[in-house]
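Q: here is my input, please return the structure:
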Amino acid sequence: MLSLTVIAAVTAGLLLVPAPAGAAPRKPTPAPFPAGAIATVYSSDVSSHGLVYTDVVDGFTELQKNHPAVMRQNLDTVIAVNNAAAGDRALVNRALADEHDDLLVTMSDALGEELGELFRKALADGRLPKTEQLLSGSLARGGGLASSTFAEKLIFDYDRPFVVAPKKINEYHRAGEEGPYDDDPLSKAFPSGHTNQATWKAMLWALAVPEFAAPLLVRAQEVGYNRLVMGVHYPLDVIGGRMTGLAAAADRWNDPRFRPLILAVGDEIRAELQWRCGAKLAVCIADDTPYLGSAQRQAAVSAQRMNYDFTRIHRPAPMVVPEAAVSLLERSRPELSASARRTLLRESALPGGYPLDDRSARGSWQRLDLVRALLGS
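A: Got it, this is the predicted structure:
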């Protein structure tokens, strides 16, 4: 049986045969992963943190026990965001799309106005089979039981905002669709599964096609913000979902047997977009209108949504970058050594001492700010 590395190399070769100078990119011939590549068990199907990702966000227990002011702010913030959205139907519609539709589709606007549309057309035409296998839907192979947040929700057992304050939360619906407002005893708030899923999908997508890394991560933050718009999650849920999503993506990327699948998805997306755009991807990106209009706007929006205005609850400690996170910049900053990437993540990190900051030697996923590392501020 061919190894996954060989499969990825052969696939890349088929997709990226050099065209004559000046010629338009050739139409690729996409093909799904072999069944064995998807059905195979990978080491990253289990969290490197001990089966699931509870210890990444275990600071939530201390917040519940010892920081009532933080927990009040947690509820007050979601009520304020949810109520304010009542006058903005466009915002509510985006939140509803992220609620009901495939995040692979809704987050594709991070690729840019024109490239996002080309990507969606390619999906509709069935021309991105590997991408769909890895990133489409709740059962996408890029995720797994370890990264689902089911266990974490049951462990922390924190009721959702519409359960705690039903008279203060607006319910938003699309015609003919039920909203997520059932008091399901198995569907708890912390951490946000939607944000977790959006984050690992965005991160794997960014590792596949690093030219889109920053806007994809900002778009994943928008998915998290939209959970507040819907009134189904608190800001701490969203922060926790971002943390577990990044940790899960790092496990996938650091799995040497799984990494070729991510790279093959990148080859597939790149070849398809270049053919549809009619030029090299860098040219297509330069001619497009970026997500949120500019990289400067992306950075500003990201900064607002990293910590949701929580106040410091502990004296700051030096930033320890989780070892698994260092590789997340490999594709976007290939010129940097591992040591230099660690330094960049440390220098771009959020200030310490805020809710969910892990001040232990394990390192703080809460403080990681990959968007700032990529775009500066």
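Q: alpha carbons only for contacts and neighbour counts from here, please
A: Noted.
Q: now do the end-to-end distance for stretch 322-341.
A: One end of stretch 322-341 to the other measures 12 Å (Cα to Cα, to the nearest Å).
Q: give me the contacts around it.
A: 207, 210-211, 213, 246-247, 250-251, 253-254, 342, 345, 362-365, 374 (Cα atoms under 8 Å, 6 or more residues apart in numbering).
Q: same thing but 6 Å
A: With contact meaning Cα atoms under 6 Å, 6 or more residues apart in numbering, stretch 322-341 is reached by 207, 210, 250, 342, 363.
Q: same check, this time on stretch 175-188
A: 153, 157-159, 173.
Q: let me know the secondary structure of residue 138.
A: Following DSSP: H, G, I helix; E, B strand; the rest coil, residue 138 is assigned to coil.
Q: measure it to residue 70 for me?
A: 31 Å.
Q: quick one: which of those two has more around it?
A: Legend: neighbour count by other Cα atoms under 10 Å for residue 138 and residue 70, higher for residue 70 (18 against 14).
Q: for stretch 283-293, buried residues please.
A: Of all the residues in stretch 283-293, those buried under the rule 16 or more other Cα atoms under 10 Å are 284-285, 290-292.
Q: sorry, that was for stretch 245-256
A: 245-254.
Q: count the residues that sit near residue 144.
A: Residue 144 has 16 nearby residues by other Cα under 10 Å.
Q: show the model's pLDDT score for it.
A: pLDDT for residue 144: 83.
Q: how close does the nearest residue to it once chain neighbours are set aside sit to residue 328?
A: Closest residue in space to residue 144, ignoring its immediate chain neighbours: residue 45 at 5.9 Å, by Cα to Cα, 6 or more residues apart in numbering. Distance, residue 45 to residue 328, using Cα to Cα: 18 Å.
Q: endpoints of stretch 160-172, how far apart?
A: End-to-end distance for stretch 160-172: 15 Å, by Cα to Cα.
Q: which parts of it are buried?
A: Neighbour-count burial for stretch 160-172 [16+ other Cα under 10 Å]: 160-163, 168-172.
Q: do stretch 67-82 as well
A: Applying 16+ other Cα under 10 Å to stretch 67-82 flags 70-71, 73-79, 81-82 as buried.
Q: after the lowest-mean-pLDDT helix or strand in the chain, which helix or strand is next?
A: In the chain, the helix or strand scored least confidently by mean pLDDT, DSSP states H and E is helix 4-15, which has a mean of 40. Once helix 4-15 ends, the next helix or strand along the chain (criterion: DSSP states H and E) is helix 35-39.
Q: contacts for the following helix or strand past that following helix, please.
A: Of the helices and strands lying after helix 35-39 in sequence (DSSP H and E), the nearest is helix 59-66. Outside helix 59-66, the residues that touch it by Cα under 6 Å, 6+ apart are residue 356.
Q: what is the rounded mean pLDDT of helix 59-66?
A: Taken as a whole, helix 59-66 has a mean pLDDT of 97.
Q: circling back: with pLDDT, distance to residue 192 and secondary structure added, can I get the buried residues of stretch 67-82 in TSV?
A: As requested, the buried residues of stretch 67-82 are exported to TSV (pLDDT from 0 to 100; distance: Cα to Cα, whole Å; DSSP: H, G, I helix; E, B strand; the rest coil):
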residue	pLDDT	distance to residue 192	secondary structure
70	98	17	helix
71	98	16	helix
73	98	17	helix
74	98	13	helix
75	98	14	helix
76	98	17	helix
77	98	15	helix
78	98	13	helix
79	98	16	helix
81	98	16	helix
82	98	16	helix
